[in-house]
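*Asks:* Let me see the structure of the following:
(2 chains)
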2 protein chains.
Amino acid sequence: MKLPKSVVTEEVQELVMVAPDLKISSLLKVVPPEGSNDNGEGGGGEELFVPPLNFAMVDNGIFRSGFPDTSNFPFLQTLGLRSIIYLCPEPYPEANMEFLKSNRIQLFQFGIEGCKEPFVNIPEDTIREALKVLVDVKNHPVLIHCKRGKHRTGCLVGCFRKLQRWCLSSVFDEYQRFAAAKARVSDQRFMEKFDVSNLKHLSLPSLVQIGKHLAKFVFISIGL
Amino acid sequence: MKLPKSVVTEEVQELVMVAPDLKISSLLKVVPPEGSNDNGEGGGGEELFVPPLNFAMVDNGIFRSGFPDTSNFPFLQTLGLRSIIYLCPEPYPEANMEFLKSNRIQLFQFGIEGCKEPFVNIPEDTIREALKVLVDVKNHPVLIHCKRGKHRTGCLVGCFRKLQRWCLSSVFDEYQRFAAAKARVSDQRFMEKFDVSNLKHLSLPSLVQIGKHLAKFVFISIGL
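*Replies:* Have a look, this model is predicted:
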């Protein structure tokens, strides 16, 4: 039996009612659209998803990747994205703009030049502005991407980890996992120097919001 | 003002009430325990978290890493883990057992030998059993780990990605990101051959449960 489009069970409707901003998208079984990408792999002629290059989950409602192309769109739809943080100065391609429009995804563009060492100049203010968008749960689920998901994306995620109070060696470990042979000392120096002390007011309290009705400061001290 | 231990705001209590199994732990602001690890980095004498080697978020409520040691315990506490899937045959160290006990974390041990090529023999049945534990949201949040978070953990995560219908090149891309220079063709061959067709009944329907009251099959067809 072919399932009708846009059929949501009562259980999910109930869930959406009680926690409207809850990111359940990646847990849902999604039937890909007709005519979407099919690699012909896997059993039973089922269609496979193609995540973008260097795709990964950063935290609840936060994803990272390289530049997505049309083959990645069915996968991205499963994430139920509300926004994209795009870190390159080049205009967004027409096909990607169409994808955003038809899925009501907001684009936040922060044009950072993709410089090569030793001519590197990561604009701290731009990263700071991107970080504000990133930690605002009203924008979640959000995908951060640049061209290859290594340097610009790596720096933004690294600064986010500092906000989460990760030690620097773990921040670098994660950065290097994505940058691999292209890891830059200058990027790591940038992350090390990046001062989060005046951003702490917006970090975790806003991340703790799940549903706008919970949009308040929450401080928890767990009994350890 | 020093915050009392175990103080939970009304907002979080409400959230826990409406969605009892919701994984909000990593979103919460956690005040580390007195005497926990302090690296002395960062401003204002604030304590930093030390995630385990190769730590990453796999999906909602699922994490992966290398072997955690005592320096990682304060960080792991922020995840609010309900269980750990441990993929080595060696007994769990005393300190780690204590940590599990005091945090009420269940240990699922699947002893897979850490063989080196060409003497590799990943037991398919064991991975299959581990996968069943992994996709059961009653065990979430769950951390998968082996020794270095590269091979055994990489294979289990790769098989999970096949259940999520990721194409093989993306499965391998992720595997290689963690295994890096230690990536094994034999592991990738194992993942390629691993048949998920008779596991599909337990994959997404059980993942879609958020709260036991929603423990039913949910099929969604989104209008694209």
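*Asks:* Run through chain A and note the low-pLDDT ranges.
*Replies:* Per-residue confidence for chain A (pLDDT under 70) gives these ranges: A:1-45, A:116-120, A:202-224.
*Asks:* so where do the helices sit in it?
*Replies:* Per DSSP state H, chain A carries helices over the ranges A:10-18, A:73-79, A:94-102, A:124-135, A:152-163, A:168-179, A:185-193, A:204-207.
*Asks:* Could you save those helices as TSV and add columns showing mean neighbour count and distance to residue B:95?
*Replies:* In short, each C-beta sits where N, CA and C put it, glycine included. Putting the helices of chain A into TSV (neighbours: other CB atoms under 10 Å in any protein chain shown; distance: least, CB to CB, whole Å) gives the following:
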stretch	mean neighbour count	distance to residue B:95
helix A:10-18	15	39
helix A:73-79	22	38
helix A:94-102	14	49
helix A:124-135	18	34
helix A:152-163	25	26
helix A:168-179	20	20
helix A:185-193	16	31
helix A:204-207	20	28
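*Asks:* Please identify which of those helices is closest to residue B:177.
*Replies:* Nearest of these to residue B:177, taken as CB to CB: helix A:168-179 at 5.3 Å.
*Asks:* a markdown table for the helices of chain A, including distance to residue B:53?
*Replies:* Formatted as a markdown table, the helices of chain A follow (distance: least, CB to CB, whole Å):
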| stretch | distance to residue B:53 |
| --- | --- |
| helix A:10-18 | 35 |
| helix A:73-79 | 27 |
| helix A:94-102 | 36 |
| helix A:124-135 | 25 |
| helix A:152-163 | 15 |
| helix A:168-179 | 7 |
| helix A:185-193 | 18 |
| helix A:204-207 | 24 |
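*Asks:* Make a markdown table from those helices and add distance to chain B to it.
*Replies:* Conversion of the helices of chain A to a markdown table gives the following (distance: least, CB to the nearest CB, whole Å):
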| stretch | distance to chain B |
| --- | --- |
| helix A:10-18 | 4 |
| helix A:73-79 | 6 |
| helix A:94-102 | 8 |
| helix A:124-135 | 11 |
| helix A:152-163 | 8 |
| helix A:168-179 | 5 |
| helix A:185-193 | 9 |
| helix A:204-207 | 4 |
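*Asks:* for the ones you listed, which one sits closest to residue B:175?
*Replies:* Between residue B:175 and the helices of chain A, the shortest gap by CB to CB is with helix A:168-179, which sits at 12.0 Å.
*Asks:* hmm, back to that, can you say which of the helices of chain A is nearest to residue B:187?
*Replies:* It's helix A:168-179; of the helices of chain A, that one is closest to residue B:187 (CB to CB) at 17.1 Å.
*Asks:* With just CA atoms, put that closest one into PDB.
*Replies:* Listed next in PDB are the C-alpha coordinates belonging to helix A:168-179 (Å, rounded to 0.1, in the frame of the first residue of the first chain):
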ATOM      1  CA  LEU A 168      41.500  23.000  24.300                       C
ATOM      2  CA  SER A 169      43.100  19.600  23.500                       C
ATOM      3  CA  SER A 170      39.600  18.100  22.900                       C
ATOM      4  CA  VAL A 171      38.600  21.200  20.800                       C
ATOM      5  CA  PHE A 172      41.700  20.600  18.600                       C
ATOM      6  CA  ASP A 173      41.100  16.800  18.500                       C
ATOM      7  CA  GLU A 174      37.700  17.500  17.000                       C
ATOM      8  CA  TYR A 175      39.000  20.200  14.600                       C
ATOM      9  CA  GLN A 176      41.700  17.900  13.300                       C
ATOM     10  CA  ARG A 177      39.300  15.000  12.800                       C
ATOM     11  CA  PHE A 178      37.600  17.000  10.100                       C
ATOM     12  CA  ALA A 179      40.500  19.000   8.700                       C
END
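*Asks:* so which of the helices of chain A gets nearest residue B:93?
*Replies:* With respect to residue B:93, and counting by CB to CB, the nearest of the helices of chain A is helix A:168-179 at 21.1 Å.
*Asks:* And the closest one, what does it pack against?
*Replies:* Contact partners of helix A:168-179 among helices and strands, from 3 or more CB pairs under 8 Å, 6 or more residues apart in numbering or on different chains; DSSP states H and E: helix A:152-163, helix A:185-193, helix B:168-179.
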